[in-house]
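>>> compute the structure for the input listed below.
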Amino acid sequence: MPVVRLTFPPANLSQHLIGLAARREGAVWLDTSSALGSPSEWSYFACEPALWIRGKGSVLEIVAGPRGDRGWLDRALKADPGPGLAFDRLTAILDKLHLSASHSSPTTDEHPQFRGGLIGCFSYDLGRQFEDIEESLPSDPSWDFHLGLYDEVLAFRAETGEAIYHRLPGGGSSLLEALSEEARAQTDVPAGRRFNRHAGCDSEPTPELDESAHREYVETIRSHIRNGDVYQVNLTFRFSAPCSDPDAPLASFVRLRTANPSPFGAYLNLPDCSIVWASPESFLRVDSNGRAESRPIKGTRARGIVGTGEDDAERQALLRSAKDRAELSMIVDLVRNDLGRVCVPGSVSQQPALEAEAHPTVWHLVGDVSGQLAPGRQALTLLQASFPPGSCIGAPKIRAMGIIEHLEGSRRGPYTGALGWLGLDGSMGLSVAIRTLVFRDDRVSYGVGGGIVYESQPRAEWEEALLKGRALREALRSTHAEVSSMRPRRPQEARQRPRMVRSIS
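Presented below is the predicted three-dimensional model:
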């Protein structure tokens with residue numbers, strides 16, 4: 001199929017996509033910010049998937065999307081091998097639906113590009129399918145995975161207005177038309193559906209535990225470390241609040257991407273919940289040639305005034321922190337082991353560098369691990385070998401998961417799982433589901449936490465956890481402050497429709 005290249009005025013492009021997200025079912029917006037100085041990164045928008053695919057344990061459900069399946073349902077059902085674990089069946093279906101990377105134009109970008117396929121989330125609890133973990137927490141209503149099959153995708157760079165429209169062979173043909181309608185609209189959001197940019201949660205979020213209980217759990221983990229059971233455990237807890245306004249998820253996403261842009265932000269509108277996230281951490285990337293990468297994060301410092309000695313001092317303190325470097329080194333070794341299970345022997349990074357990465361409000365210490373998938377292995381094979389993300393578990397992983405099960409007060413659900421896309425050309429781009437808002441049943445929740453090692457100080461760990469949740473708390477607050485990316489156009493401003501630059505066969 002042709003790949004259509006378009007150009008928009010940058011401000012208008014964001015306005016049009018907000019409008020589409022407000023009125024189109026199953027809208028997804030994977031927002032890759034340029035805050036990290038990565039102009040080669042693409043963001044993605046899609047809506048009205050051909051299929052919904054979700055699984056839990058041995059239950060796999062495949063149903064037509066909101067505007068019909070466009071022939072995909074029959075293809076997916078024929079590819080389904082039948083009874084068995086839902087994840088194994090998903091792996092078989094994706095393998096059968098595989099398309100050659102030549103179905104669209106090649107890219108010279110450093111990172112793999114999504115041209116159509118599955119977008120959605122994998123719950124932390126999917127890990128119970130891969131590892132034998134004793135269950136002590138009440139069951140969570142979340143599916144182990146919930147994905148939409150999107151056969152039309154708009155890849156774009158919001159800062160420049162550059163966009164590329166991708167359509168899978170046999171896919172739909174309504175996204176460009178919908179985008180043109182939005183560009184012709186007199187307001188940012190069609191009158192058919194009100195979008196309240198001020199929507200938020202009904203009251204301040206409250207935590208499921210207090211600092212005293214958190215301190216007790218940190219000390220319990222330190223005792224496990226002292227006894228040689230583990231080296232590190234990631235301890236998390238959830239905040240929640242009533243949230244009855246149906247516009248709150250999209251409004252929170254817009255506030256979050258405006259005030260706290262992140263390299264892996266997103267809005268995901270699923271049939272039974274909406275998810276908003278602003279993750280700083282890349283979990284797994286695979287290109288169509290099987291080159292795999294993971295970038296775990298451990299260690300956080302609040303930023304000073306950007307460009308000043310104070311900010312650089314925070315960066316240097318993070319780089320010099322023996323505790324943070326030891327914490328990340330343990331997780332890097334765990335990730336190297338995970339990749340080594342499915343990659344060509346000797347191809348996995350031997351001594352990955354640890355670097356301080358700048359984000360709008362914090363510095364993070366990051367490692368970079370890469371490898372080459374072995375013949376016969378695919379993206380979901382790598383996901384299974386690496387899941388849940390090691391940076392959110394601890395080391396050794398299985399023992400740490402058992403401790404988490406007995407200490408934390410509730411199932412994590414999508415939080416600390418993975419969110420992103422799986423291309424039908426074999427590529428994959430998943431981020432770690434941290435800094436994540438989950439809207440379900442008139443409530444919103446989010447998790448915070450951090451890795452506990454023997455040197456951890458309970459007070460510092462509590463404060464770091466609260467720091468990580470600050471941007472989410474602010475995004476949930478209803479406000480009457482103007483949001484520039486959503487401000488209605490003045491009457492004298494000309495409406496500019498998308499302009500086609502060229503079409504590539």
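
>>> just the strands from the stretch 1-150 of the chain, written as ranges.
Here the stretch 1-150 of the chain has its strands, by DSSP state E, counting those that start in this stretch, at 3-7, 28-31, 43-46, 51-56, 59-64, 117-122, 145-150.

>>> going by mean pLDDT, which of these comes out lowest?
Sorting the strands of the stretch 1-150 of the chain by mean pLDDT places strand 3-7 lowest, at a mean of 84.

>>> okay, and the residue sitting nearest the centre point of the chain sits in which element?
In the chain, the C-alpha nearest the mean C-alpha coordinate belongs to residue 419, at 3.6 Å (CA atoms, centre = their mean). For residue 419, the host element (DSSP states H and E) is strand 418-423.

>>> next, count neighbours for the residue lying closest to residue 55 once chain neighbours are set aside.
Excluding its sequence neighbours, the residue lying closest to residue 55 (CB to CB, 6 or more residues apart in numbering) is residue 86, at 2.7 Å. From N, CA and C alone the C-beta is placed, and that goes for glycine too. If you count neighbours by other CB atoms under 10 Å, residue 86 ends up with 21.

>>> is it true that residue 86 touches residue 147?
No. Using CB atoms under 8 Å as the test, residue 86 is too far from residue 147 to be in contact (11.1 Å).

>>> could you find the closest non-adjacent residue to residue 29?
Going by CB to CB, 6+ apart, residue 29 has residue 267 as its nearest residue, at 4.4 Å.

>>> ok, residue 305 touching residue 313?
No. Between residue 305 and residue 313 there is no contact under CB under 8 Å: 10.9 Å.

>>> out of the two, which sits in the busier spot?
Set residue 305 next to residue 313 and count neighbours by other CB under 10 Å: residue 313 wins out with 12 against 8.

>>> so who does the more buried one touch?
Residues near residue 313 by CB atoms under 8 Å, 6 or more residues apart in numbering: residue 304.

>>> can you pull the phi/psi pair for it?
Main-chain torsions, residue 313, degrees, to the nearest 10: phi -60, psi -40.

>>> what's the spacing between it and residue 463?
Distance, residue 313 to residue 463, by CB to CB, to the nearest Å: 18 Å.

>>> quick revisit: please work out the average pLDDT along the strand holding residue 419.
96.

>>> give me the helices and strands touching it, please.
strand 117-122, strand 264-269, strand 274-279, strand 282-286, helix 379-386, strand 428-432 (3 or more CB pairs under 8 Å, 6 or more residues apart in numbering; DSSP states H and E).

>>> mind putting these in TSV, mean neighbour count included?
What follows is the helices and strands packed on strand 418-423, written out as TSV (neighbours: other CB atoms under 10 Å):
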stretch	mean neighbour count
strand 117-122	27
strand 264-269	25
strand 274-279	26
strand 282-286	25
helix 379-386	22
strand 428-432	28
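
>>> mind checking which of those is nearest residue 205?
strand 274-279 (13.6 Å; CB to CB).

>>> quick one: strands adjacent to that closest one?
If you go by DSSP bridges, strand 274-279 pairs up with strand 264-269 (antiparallel), strand 436-440 (antiparallel).

>>> number of nearby residues for the nearest residue to residue 50 once chain neighbours are set aside?
Leaving aside its sequence neighbours, residue 50 sits nearest to residue 72 (CB to CB, 6+ apart; 4.2 Å). Neighbour count of residue 72, defined by other CB under 10 Å: 23.

>>> give me the pLDDT value at the closest residue to residue 41 other than its chain neighbours.
Using CB to CB, 6+ apart and skipping residues adjacent in sequence, the residue nearest residue 41 is residue 32, 4.1 Å away. pLDDT recorded at residue 32 is 84.

>>> residue 32 and residue 392: what is the separation?
The value you get for residue 32 to residue 392, if CB to CB is used, is 21 Å.

>>> now do residue 257
For residue 257, the distance to residue 392 - CB to CB - is 23 Å.

>>> which secondary element of the chain has the worst mean pLDDT?
The helix or strand of the chain with the poorest confidence is strand 499-504; it has a mean of 32 (mean pLDDT, DSSP states H and E).

>>> distance of residue 296 from residue 330?
10 Å.

>>> likewise for residue 432?
16 Å.

>>> check residue 355 too.
Distance from residue 355 to residue 330, by CB to CB: 17 Å.

>>> same check on residue 345?
Residue 345 is 23 Å from residue 330, where distance means CB to CB.

>>> which one's more surrounded, the two?
Using other CB under 10 Å as the criterion, residue 345 and residue 330 rank with residue 330 on top: 21 against 9.

>>> mind listing the residues bridging to the closest residue to that one other than its chain neighbours?
Nearest non-adjacent residue to residue 330, counting by CB to CB, 6+ apart: residue 395, 4.8 Å away. Under the criterion DSSP bridges, residue 395 forms beta bridges with residue 232.

>>> what about residue 395, how many residues nearby?
Residue 395: 21 neighbours (other CB under 10 Å).

>>> and what of residue 471?
20.

>>> all strands in the stretch 251-400 of the chain, in order from the N-terminus.
Under the criterion DSSP E, counting those that start in this stretch, strands of the stretch 251-400 of the chain are mapped to 264-269, 274-279, 282-286, 291-294, 297-302, 354-358, 362-367, 369-372, 394-395.

>>> any idea of the mean pLDDT for the third one?
So that's strand 282-286. Strand 282-286 comes out at a mean pLDDT of 95.

>>> packing partners for it?
Helices and strands touching strand 282-286, by 3+ CB pairs under 8 Å, 6+ apart, are strand 291-294, helix 379-386, strand 418-423, strand 428-432.

>>> follow-up on the earlier one: quick one: the strand holding residue 419 to helix 379-386, angle?
150 degrees (axes from the mean of the first three to the mean of the last three CA atoms, to 10 degrees).

>>> quick one: contacts for the residue lying closest to residue 66 once chain neighbours are set aside?
Spatial nearest neighbour of residue 66, chain neighbours left out: residue 25 (3.9 Å); criterion: CB to CB, 6+ apart. Residues near residue 25 by CB under 8 Å, 6+ apart: 47-48, 65-67, 269.

>>> kindly recompute the last result at 10 Å.
Going by CB atoms under 10 Å, 6 or more residues apart in numbering, residue 25 touches 47-49, 65-67, 148, 269, 271.

>>> ditto for residue 338
If you count contacts by CB under 10 Å, 6+ apart, residue 338 has them with 284, 294, 348, 369, 371, 382-387, 389-390, 397.

>>> where does the prediction get shaky in the stretch 251-400 of the chain?
Scanning the stretch 251-400 of the chain for pLDDT under 70 picks out nothing.

>>> still on that earlier bit, give the residues shared as contacts by residue 296 and residue 330.
With CB under 10 Å, 6+ apart, residue 296 and residue 330 have common neighbours residue 390.

>>> sketch out the low-pLDDT regions of the stretch 1-150 of the chain for me.
Low-confidence segments of the stretch 1-150 of the chain, defined by pLDDT under 70: 1-2, 33-40, 100-111.

>>> returning to what we had before: distance to residue 118 added to the strands paired with strand 274-279, as TSV?
Below are those laid out as TSV (distance: least, CB to CB, whole Å):
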stretch	distance to residue 118
strand 264-269	12
strand 436-440	19
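
>>> distance of residue 135 from residue 406?
Using CB to CB, we find residue 135 at a distance of 10 Å from residue 406.

>>> pull up the overlap in contacts between those two.
By CB under 10 Å, 6+ apart, no residue touches both residue 135 and residue 406.

>>> what about the helices in this protein?
10-23, 72-79, 86-96, 175-184, 211-226, 248-259, 309-320, 322-340, 379-386, 397-407, 458-475 (DSSP state H).

>>> quick one: the first one to helix 175-184, angle?
This means helix 10-23. Going by the same axes, to 10 degrees, helix 10-23 makes 110 degrees with helix 175-184.

>>> taking strand 3-7 as reference, get the angle to helix 10-23.
The directions of helix 10-23 and strand 3-7 differ by 120 degrees, with the same axes, to 10 degrees as the criterion.
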